[in-house]
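S.K.: Here's a sequence, model it:
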Amino acid sequence: MSVSLQLPRAIVEEIVKRASEAGVSVEEYLLDITTRDIDPVTAAEKYVVSAQ
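M.R.: Numbers count the residues shown, from 1 in each chain. Okay, the predicted model is just below:
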């Protein structure tokens, strides 16, 4: 599933900048920051689901 979000341009630019600095896509960056505080098993499951 994919969704569209409306975010302020400054926020989008910051996300793109941080993803680029990390050497990953925006999608990978957002997935990483949204799963970093959950337990490793749940995080792994979310990565697998998002890769499909």
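S.K.: The helix ranked longest in the chain - contacts with which helices or strands?
M.R.: If you go by DSSP state H, the chain has its longest helix at helix 9-22. When contacts are defined as 3 or more CB pairs under 8 Å, 6 or more residues apart in numbering; DSSP states H and E, helix 9-22 packs onto helix 26-35. C-beta coordinates here come from the backbone N, C-alpha and C atoms, glycine included.
S.K.: Would you tell me what the next helix or strand after the helix it packs on is?
M.R.: helix 40-51 (DSSP states H and E).
S.K.: For that following helix, give me every contacting residue.
M.R.: 27, 31, 35, 36, 38 (CB atoms under 8 Å, 6 or more residues apart in numbering).
S.K.: of all the residues you listed, which comes closest to residue 2?
M.R.: Checking those against residue 2 with CB to CB, the nearest one is residue 27 at 9.2 Å.
S.K.: Grab the nearest non-local neighbour of that closest one.
M.R.: Distances taken as CB to CB, 6 or more residues apart in numbering put residue 50 closest to residue 27, at 7.7 Å, once the chain neighbours are dropped.
S.K.: per-residue pLDDT, residue 42?
M.R.: On the pLDDT scale, residue 42 is placed at 78.
S.K.: Count the neighbours of residue 17 for me.
M.R.: For residue 17, the count of nearby residues is 10 (other CB atoms under 10 Å).
S.K.: how close does the residue nearest to residue 27 get to residue 33?
M.R.: 13 Å (CB to CB, to the nearest Å).
S.K.: Kindly report the same for residue 18.
M.R.: Residue 18 is 9 Å from residue 33, by CB to CB.
S.K.: same deal with residue 11?
M.R.: Distance from residue 11 to residue 33, by CB to CB: 13 Å.
S.K.: higher neighbour count, the two?
M.R.: Comparing residue 11 with residue 33 by other CB under 10 Å, the one with more neighbours is residue 33, at 13 against 10.
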